[in-house]
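Novice: Structure, please.
(chains A and B)
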There are 2 protein chains.
Amino acid sequence: MIHRPLARFLALITLAFVVAFPASAPAKPAAPPQKRLVIVDDDMIGFNGVPLLLLQAPDVQVLGITTTSGSVWRDTASAYALRTLEILGRTDVPVLAGAVLPLLNSAEATKRWEGLYGRLVFKGPWTDYWPDGTIQDHPGANDPAYVPDLPMGNPKTRPGKEIAAAFLVRMVREHPGQITLFATGPMTNIAIAQSLDPTFAANVKEIVYMGGSLLPHQVLEGPSAEQFAREFVNSPRREFNIRWDPEAAKIVAHAPWPKMTMIPVDPSTGTQWTREFLDSLAAADTPLTGMMRTALPPGFPMWDEVAAMVWLAPDIVTKAETLYIDFETSQTASYGDTLSWTEAYRPHLGERAQRVILSVDRGKTEAAMRALYMRSGGK
Amino acid sequence: MIHRPLARFLALITLAFVVAFPASAPAKPAAPPQKRLVIVDDDMIGFNGVPLLLLQAPDVQVLGITTTSGSVWRDTASAYALRTLEILGRTDVPVLAGAVLPLLNSAEATKRWEGLYGRLVFKGPWTDYWPDGTIQDHPGANDPAYVPDLPMGNPKTRPGKEIAAAFLVRMVREHPGQITLFATGPMTNIAIAQSLDPTFAANVKEIVYMGGSLLPHQVLEGPSAEQFAREFVNSPRREFNIRWDPEAAKIVAHAPWPKMTMIPVDPSTGTQWTREFLDSLAAADTPLTGMMRTALPPGFPMWDEVAAMVWLAPDIVTKAETLYIDFETSQTASYGDTLSWTEAYRPHLGERAQRVILSVDRGKTEAAMRALYMRSGGK
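Specialist: The predicted structure is shown next:
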């Protein structure tokens, strides 16, 4: 059985290790202006060491983790984040709980939509259906406040009192032009922050997000790749993070970020967690690599890991394009679909140019990830 | 400059020659029950020898050609069909003029839609925009009744007096269960026939149509392939024939055909008319091959040719899938988009199973086409 949540943490672990152990020799923390400031906004942190390691890194400072519903309800996402920080001894990193529900989308609207346009494949906590033979077992959950026991034990710490969007606004006001937003879930918190403060987006350094879908194809063989392809093969413009909260995504797409990088589903289809890759980490016999080799089931695309590596090791990118991007919010067949145009065809209705990552080199990506995971064993 | 119309006729020529010169030795026409009866419904017949050749074929009988607006206005499509029949000496094949306008779509609605969702790439006679550097020069035309001078001369014959849809209904009533509908344009006539007579679809033998788009990728390199990819790379579910008349396509998708075969854009992306292919026909120095080599510009995908070959030489198909198909008719981002589902996800709202051709073997397709074109030289 494959658990989606257990796979999600790896992107952020990757992020963590790269910034924690950069190619240059470890040094004393640089002065704040030299650090790369980042806030991670995510719907599912999983067993995630990112915050601690980013904070220890000489050139990166994680200002906080903001959580949102998406793959799981927000409180479960917060619990994963908190527990991970406890395990890593970095409870000084604040976890800020954000949106429980999307801005406009709802379980009821989703049911109605499915009656008109067919069943969605993955619906996060609203998931109530898997066809026979599905190897994924991510269950839905009716009560947003219910937090299941976590596989790595339950947290004793609590989220900060500040609401995620307020934290985002405050941090950006304190560090104008300095903060990278790294978003790997639905963008509800970010949309609320922009709605709270119209100067928010312009004062962020850049936004990097995993979301959307352009023209993905099933690249790899095997039952896992085949089953994950169900999410796009008959709906190439639909991707869960956006489909959970299309209105938030549209607000974000129209906001004046100085730089936007979209990592859609497309580049992940050429990647996959494999037993071979996990076993190759054994040479560094650390708690991290040991945990990864036993706890992580092969088969998942490296959705968020690819996003992290695009930010950390840009030379993995083999194909990228500048496109004008928007998201459809009419409650019709294309609700939540990614809309894209070249300059010659765009409607000029507030959509903005984004750098869209279309493919990455799998070998380079894995090598860079492996080096980071192995390097962590040296500590 | 590449003329879309000039390229369209080749699918039907292919169809013509295969049935005109089957692998078995020519024989006296078989009794009617043994013939494969076909009606061709198309928006752009071009310099097309299908009707005559099909009628001469021992195992196929073309009952008529019905025309519709699409790539060009209906009257222009009719003129191409008539002139082609004159050149081929087969004016006994009836040409029946059909729909001038789509059921619901209009130039005004298209303009409004483009204001909301961006410019369409190809709009048939409504085309009013090509970005700089476009090598296609297909112009729009304001007056549906205006017929330009044809490159092969203008016809002296006229269409039959019967309206296309009435002809379709009458023929199917006369030959229940016997007729293949081969549709390569918007499906307005076919939808009207089904609306005229609810028993129409069930009494057709099968329908084979070029239309829709599933998940096409640019397969070939070069400026032509790159420019034709504009039609799908940012709108993978949009295809012109369906987008011209989405409501007609939806009526057809819901009708109870005994068998439906969809040839979407997808298999055509791996095909292209090349100079090499055209030159290879020189060994058969016939009026047909001579005309093809001089009149046909390389670069076009073999849209309708692939559809014809799927019907005539099914072993060219390398990937096909049975999917439930419908078409979106809401006037939103996805107006005219192809909707598809596997059994496990479909909405059960009248959509039906179709055989969808996803790819063909280019070598086999070209070889079969070449053999047919060359064989024609033997006559």
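
Novice: Low-confidence regions, the stretch 151-300 of chain A specifically.
Specialist: Filtered on pLDDT under 70, the stretch 151-300 of chain A yields the residue ranges A:286-288, A:290-292, A:294-296.

Novice: Enumerate the residues of it near chain B.
Specialist: Listed as neighbours of chain B in the stretch 151-300 of chain A under the rule CB under 8 Å from any CB of the partner chain: A:214-215, A:217, A:230, A:233-234, A:236-237. Heads up, the C-betas are built off the backbone N, CA and C, glycines and all.

Novice: quick check, nearest of the residues you listed to B:H138?
Specialist: Closest approach to B:H138 among those (CB to CB): A:L215, at 24.8 Å.

Novice: Number of residues surrounding that closest one?
Specialist: Counted with other CB atoms under 10 Å in any protein chain shown, the neighbours of A:L215 add up to 23.

Novice: Tell me where chain A has strands.
Specialist: Counting by DSSP state E, chain A has strands at residues A:36-42, A:60-67, A:95-97, A:179-183, A:206-210, A:260-263, A:317-327, A:338-341, A:352-360.

Novice: Does stretch A:331-342 reach chain B?
Specialist: Yes: on the criterion CB under 8 Å from any CB, stretch A:331-342 is in touch with chain B at A:332-334, A:337, A:339-342.

Novice: in that stretch, what counts as buried?
Specialist: Buried residues in stretch A:331-342, counted by 16 or more other CB atoms under 10 Å in any protein chain shown: A:331-341.

Novice: on that earlier part again, can the strands of chain A go into CSV with extra columns for distance to A:S224?
Specialist: Listed next are the strands of chain A as CSV, based on distance: least, CB to CB, whole Å:
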stretch, distance to A:S224
strand A:36-42, 23
strand A:60-67, 27
strand A:95-97, 31
strand A:179-183, 25
strand A:206-210, 19
strand A:260-263, 20
strand A:317-327, 23
strand A:338-341, 24
strand A:352-360, 19
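
Novice: Pick the most deeply packed of those.
Specialist: strand A:60-67 (a mean of 27; mean count of other CB atoms under 10 Å in any protein chain shown).

Novice: quick one: strands adjacent to that strand?
Specialist: Using DSSP bridges, the strands paired with strand A:60-67 are strand A:36-42 (parallel), strand A:95-97 (parallel).

Novice: Compare those strands and say which comes out lowest on pLDDT.
Specialist: Lowest mean pLDDT of the strands paired with strand A:60-67: strand A:36-42, a mean of 91.

Novice: can you map out the helices along the stretch 151-300 of chain A?
Specialist: Along the stretch 151-300 of chain A, counting by DSSP state H, counting those that start in this stretch, helices occupy A:164-174, A:188-196, A:223-228, A:240-244, A:246-254, A:275-279, A:287-295.

Novice: Minimum distance to B:L323: which of those has it?
Specialist: Here helix A:223-228 is closest among those (CB to CB), at 15.3 Å.

Novice: For A:D315, the count of nearby residues, please.
Specialist: By other CB under 10 Å, the residues close to A:D315 number 11.

Novice: what residues are up against it?
Specialist: A:D315 is in contact with A:K364, counting by CB atoms under 8 Å, 6 or more residues apart in numbering or on different chains.

Novice: From A:M309, how far off is it?
Specialist: Distance, A:D315 to A:M309, by CB to CB, to the nearest Å: 10 Å.

Novice: Kindly report the same for A:P144.
Specialist: Per CB to CB, A:P144 is found 32 Å from A:M309.

Novice: in terms of contact, does A:L116 touch B:L349 like I think?
Specialist: Yes: between A:L116 and B:L349 there is a contact under CB atoms under 8 Å: 7.3 Å.

Novice: re earlier: can I get the helices of the stretch 151-300 of chain A in a markdown table including mean neighbour count?
Specialist: Formatted as a markdown table, these follow (neighbours: other CB atoms under 10 Å in any protein chain shown):
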| stretch | mean neighbour count |
| --- | --- |
| helix A:164-174 | 21 |
| helix A:188-196 | 25 |
| helix A:223-228 | 18 |
| helix A:240-244 | 28 |
| helix A:246-254 | 24 |
| helix A:275-279 | 14 |
| helix A:287-295 | 16 |
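
Novice: Centre of the chain to stretch A:174-189, how far?
Specialist: 12 Å (CA atoms, centre = their mean, to the nearest Å).

Novice: hang on, the earlier thing: of the strands paired with strand A:60-67, give the one that comes closest to A:Q272.
Specialist: strand A:36-42 (21.1 Å).

Novice: Between strand A:179-183 and that closest one, find me the angle.
Specialist: Angle of strand A:36-42 versus strand A:179-183, following axes from the mean of the first three to the mean of the last three CA atoms, to 10 degrees, is 20 degrees.

Novice: quick check: angle from strand A:36-42 to helix A:188-196?
Specialist: Using the same axes, to 10 degrees: strand A:36-42 against helix A:188-196 is 110 degrees.

Novice: got TSV for the strands paired with strand A:60-67, with distance to B:L168 too?
Specialist: Formatted as TSV, the strands paired with strand A:60-67 follow (distance: least, CB to CB, whole Å):
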stretch	distance to B:L168
strand A:36-42	57
strand A:95-97	63
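
Novice: Can you tell me which of these is nearest to A:M262?
Specialist: So among the strands paired with strand A:60-67, strand A:36-42 is nearest, using CB to CB, at 14.7 Å.

Novice: for the residue nearest to A:N241 when sequence neighbours are not counted, what are its contacts?
Specialist: Excluding the flanking residues, the one nearest A:N241 by CB to CB, 6 or more residues apart in numbering or on different chains is A:G211, at 4.0 Å. Counting by CB under 8 Å, 6+ apart, A:G211 touches A:183, A:186-187, A:239, A:241-242, A:249, A:262-264.
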